[in-house]
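need coordinates for the below:
(chains A, B, C and D)
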There are 4 protein chains.
Amino acid sequence: MRIAFLGLGNMGAPMAQNLIKAGHELTVFDLVAASVDKLVKDGAKAGRDAADAVRNAEVVVTMLPSSAAVKRLYLGDGGVLAHAAAGALLIDSSTISPDVSREVATAAVAKGFAMIDAPVSGGTAGAAAGTLTFIVGGEAAALERARPLLEKMGKNVFHAGASGAGQIAKICNNMLLGIHMLGTCEAINLGTRLGLDPKVLSDVMAKSSGRNWSLELYNPWPGVMENVPASREYKGGFGTDLMLKDLGLSQEASQSAGVATPLGALTRQLYQLHSGRGYGALDFSSIVDALRAGA
Amino acid sequence: MRIAFLGLGNMGAPMAQNLIKAGHELTVFDLVAASVDKLVKDGAKAGRDAADAVRNAEVVVTMLPSSAAVKRLYLGDGGVLAHAAAGALLIDSSTISPDVSREVATAAVAKGFAMIDAPVSGGTAGAAAGTLTFIVGGEAAALERARPLLEKMGKNVFHAGASGAGQIAKICNNMLLGIHMLGTCEAINLGTRLGLDPKVLSDVMAKSSGRNWSLELYNPWPGVMENVPASREYKGGFGTDLMLKDLGLSQEASQSAGVATPLGALTRQLYQLHSGRGYGALDFSSIVDALRAGA
Amino acid sequence: MRIAFLGLGNMGAPMAQNLIKAGHELTVFDLVAASVDKLVKDGAKAGRDAADAVRNAEVVVTMLPSSAAVKRLYLGDGGVLAHAAAGALLIDSSTISPDVSREVATAAVAKGFAMIDAPVSGGTAGAAAGTLTFIVGGEAAALERARPLLEKMGKNVFHAGASGAGQIAKICNNMLLGIHMLGTCEAINLGTRLGLDPKVLSDVMAKSSGRNWSLELYNPWPGVMENVPASREYKGGFGTDLMLKDLGLSQEASQSAGVATPLGALTRQLYQLHSGRGYGALDFSSIVDALRAGA
Amino acid sequence: MRIAFLGLGNMGAPMAQNLIKAGHELTVFDLVAASVDKLVKDGAKAGRDAADAVRNAEVVVTMLPSSAAVKRLYLGDGGVLAHAAAGALLIDSSTISPDVSREVATAAVAKGFAMIDAPVSGGTAGAAAGTLTFIVGGEAAALERARPLLEKMGKNVFHAGASGAGQIAKICNNMLLGIHMLGTCEAINLGTRLGLDPKVLSDVMAKSSGRNWSLELYNPWPGVMENVPASREYKGGFGTDLMLKDLGLSQEASQSAGVATPLGALTRQLYQLHSGRGYGALDFSSIVDALRAGA
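Okay, the predicted model is just below:
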């Protein structure tokens, strides 16, 4: 299949590589030339720009950092809707505002494209291993067209509902992730300061009702678990500023819906403070440092 | 074995029943006569009072609602330390202040008893099914003496550390449980208000990084999961006031240790408000009602 | 002076009345016909619509409930910029997003109007008594043109800075107001539950470092102070939903500026919950009921 | 009058000096010898220990840092109740737990002493200037005996209620103070980051409904106000760790009373984090640095 892949950051690049490995013909574009070069070495063709990249594609996949970037790339003059081939399937895997997601999809469908929002869960490790979870919003038929490709990049594909529903589910999920990560940091820090061994305490809670993804698979305390960011000085992984962005989306959504999310709001505030102290590029599990400071 | 079991509430009664079923000889006592009567029908002997119940026991198990109750029962005039048989093994499964736990254990050991703190995780359902998790603090040798009995009442037995460590680990675990329960309620409520189906959203998050015990095994949204309190109007289960008590213990511990637990503190506040509105006796997953009110 | 006054709600109506009393010639418009009728009885002329009302005005004053309403009224087809007389002075006293405020002012200035944002502090009582505080953003020259009118409606006029600065200062002020109102409720409720007399406690704190506007002039506890909403079942005053709106503006501003406002965020959450329970139309000091519930 | 003054820290020393200036005969004691020496230069006699200092006193004044210290000094073997002269008036100006305050007063009264709790508001500047506010709990008759002395050290004397009520009112006041200080920091930081001048914004809010003691008399932003800790790098003033202690007392009180104080709880958490970062000895208005970090 001829696929255009736009947005080759920490997540986009390994996703594109998995499509190449699966035998697809990729044309890629990114504003950072070095990112394009790397994919070309892996076997992709380089588009001169977004318009050039999408021109002959049967499927367009995008992985971008913000609502504004998605809006511009799809709706702008040199953008996807203006230049993609008639009838192409558009898959946006960015995590953005559900409202923007719906706005773009409505415009796409009006021009005869099929479009789904398909944000992912699983981080850079999942992107590299091809074990991402895709959370999809849009028509079931469009999802079925996309499924064979999604399954090359991920392990699970969920249909959350109509257009925008993928974004909503992703935002809810990541708000919950931020909350239980911070909660897990609080619990381990408290127990450790009261004399427990952080690994013993983590093991006990992982077998008890405190169990959660952060504790079991992504333990934030240095030395408790191998192969997680906490054991490599919080390098790699899912950056603090990305978590801050997703928590911000959750607060915009909750504010516009008139829904209270008190822990979500407080978690966002603490990630804001954490980012302000210079942790923006480090993994989001580094929030444990905010609690340990001065200990 | 001759066992005294003191404290026959929602948790204590089924735990005692499991010991009877396992063939042990129980003498029981509780301030509520009806609770004693029920156990007598199950095959226990009734103690006239605590002193009488413990007099000939090889092992004493206690399951009480507060630090003050434990202190009085063990250290008071008619209490366990004054009347238990020399060398008896004392197992306190109450969830209480680690400081009080250590104080009682120190007094017990000084009088020649072996003592462990062995608070549990798993709720009334786990107590009935004999699948509790015991989180134990104290000497390894005392834990080994207790293990055969604990395994009749539970499935997992963890050694968290020295005396009081069981309490600390339990408090950390339950603080984390309270946080991810409230976080799960916020996420499902937000998604649902934005148009998602609560079951679909729960399924998506349970397969993604939002995964946690509250979401997977104890879903707070009515109708998503069978056999949980949310599907029987929050009756049974682990009461709001018990969660409030445990969150209070976490705040006392964090305050005395000089450790910040911002989400733990806010969760306690919201449970306090929830209890004040008359939800104290309902299951703690009913906190979702505090978010849904007025919707 | 010929003045058009658009937006005759709880705040706008008494402000317009004060301009009439000062001898100005007012043409008014509001989407609610009854509100227009009331002002006509006070001596205003009724505009058929906004365009009609502003056509001959030297000054246009607007008092609207939301950013969207301001944008539509100023920038829309039948709106102020399309129909006001050349060179008119435009005064927007609505509390809205600073970004929208700047956008509208930029468009106005481009068309040759002078425009200031002039949100107010002081509530309905201040509007009626003509003792409002105006917090103004925009050019100093425009403010000087407006000052004689502002001084008929208010007692203090502050120049906060360039266009939009009035909104920013207002939003910061009201976030702080929401925080010390809720804090005051917490303090009085705590002391009262511990046995103090709410009036004695209020008097003590008002003479000590706890002193603040909510405590001294707007005491939230029923019976402590006369002539405040707390003493008339929270009727009148500054509505919960208006405070919720302003707190929402503060959170949008803090999110877009990358600034942490943890107490502001939590206060907004608690006002959201309070509004959800049916208190939206009651005075914002009724938040004390959220703390007292179930006591 | 013969007065014993025990506890000569940042607050106690200037209070004692004001009593000397007023012509009273003071015998003083403190665990820090240098503090005693300083007062001796000012004209006090040095007690060899607490027992010696109180032996001949008609009035005993104490100013200590914690509940535990007060309990030990009054109830211990070499303590005040064991050695003070029959009928002496005991004035405890420490800020401590209301429960401990009542316990000590009950013991004092049982031995024939009169005792009041008389914690203060006004900080070290107020102590030096003799303008403290005393918030008194206890019998009115005891307060009247104390009043002439209190008026030498302070400007306002309030009777909050029965024994312990002084502590309760003080704790409520200081919780509210912590809340509006942090809220004031959030508001000024937000406005400043959005382009306003911190002094202009402070002036606007001080004339509007955001007005509060922290903003008007103790502005936390460097350079806005002279003669406040913010303008001398947060040296002097009321230390972060003292505010943290008082917020901790408020949380103990609210927990034991079953009352929610969500902003109080969050403020305590943020002061805990702030103290952990090394700000414990700096003035509590330095919390603004926690918000500005990384800006």
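
check contacts around A:Ser97.
Listed by C-beta atoms under 8 Å, 6 or more residues apart in numbering or on different chains, the contact partners of A:Ser97 are A:Ser67, A:Gln167, A:Leu249, A:Glu252, A:Ala253. In this view, the C-beta of every residue, glycine as well, is placed from N, C-alpha and C.

okay, now the domains of chain A?
Under the assignment automatic domain parsing, the domains of chain A span A:2-161, A:168-292.

ok, and of the contacts of A:Ser97, which contact chain B?
A:Ala253 (C-beta under 8 Å from any C-beta of the partner chain).

ok, the contacts of A:Ser97 vs chain C, which is closest?
A:Glu252 (7.5 Å; C-beta to the nearest C-beta).

run a quick neighbour tally on that closest one.
18 (other C-beta atoms under 10 Å in any protein chain shown).

I'd like the distance between it and C:Gln251.
Separation of A:Glu252 from C:Gln251 (C-beta to C-beta, to the nearest Å): 9 Å.

surely A:Arg48 is in a helix?
No: counting by DSSP: H, G, I helix; E, B strand; the rest coil, one finds A:Arg48 to be coil, located in no helix.

which element is the closest residue to chain D within the stretch 1-150 of chain A on?
Per C-beta to the nearest C-beta, A:Ala68 is where the stretch 1-150 of chain A lies closest to chain D, at 19.8 Å. Using DSSP states H and E, A:Ala68 falls within helix A:67-75.

residues contacting A:Gly195?
Neighbour list for A:Gly195: B:Gly161, B:Ala162, B:Ala165, B:Ile168 [criterion: C-beta under 8 Å, 6+ apart].

in chain A, where is pLDDT below threshold?
Low-confidence segments of chain A (pLDDT under 70): A:294-295.

who are the contact partners of the residue nearest the centre of chain A?
Closest residue to the average C-alpha location of chain A: A:Val120 at 4.9 Å, with C-alpha atoms, centre = their mean. With contacts defined as C-beta under 8 Å, 6+ apart, A:Val120 is in contact with A:11, A:15, A:93, A:95, A:126-127, A:132-135, A:153-154, A:170.

so what's the residue count around A:Gly78?
Neighbour count of A:Gly78, defined by other C-beta under 10 Å: 12.

kindly apply the preceding question to A:Ala46 instead.
Using other C-beta under 10 Å, A:Ala46 has 16 other residues around it.

tell me which of the contacts of A:Ser97 is nearest to C:Arg292?
The closest of these to C:Arg292 turns out to be A:Ala253 (C-beta to C-beta; 30.9 Å).

you'd agree the closest one is in a helix?
Yes: under three-state DSSP, A:Ala253 sits within a helix.

thought it was touching A:Pro98?
Yes: assessed by C-beta atoms under 8 Å, A:Ala253 is found in contact with A:Pro98 at 6.6 Å.

which neighbours do those two share?
Applying C-beta under 8 Å, 6+ apart, one finds that A:Ala253 and A:Pro98 are jointly contacted by A:Ile168, A:Ile171, B:Leu194.

count the neighbours of the residue in the stretch 1-150 of chain A that chain C sits nearest to for me.
In the stretch 1-150 of chain A, the residue that lies nearest chain C is A:Ala68 (11.9 Å; C-beta to the nearest C-beta). Neighbour count for A:Ala68, taken as other C-beta under 10 Å: 12.

then A:Gly9?
Close neighbours of A:Gly9, defined as other C-beta under 10 Å, add up to 16.

cool, A:Lys21 as well?
Using other C-beta under 10 Å, A:Lys21 is surrounded by 12 other residues.

what about the closest residue to it other than its chain neighbours, which helix or strand?
Once flanking residues are discounted, A:Lys21 sits nearest to A:Lys152: 7.8 Å by C-beta to C-beta, 6 or more residues apart in numbering or on different chains. According to DSSP H and E, A:Lys152 maps onto helix A:140-153.

I appreciate the help and will end here.
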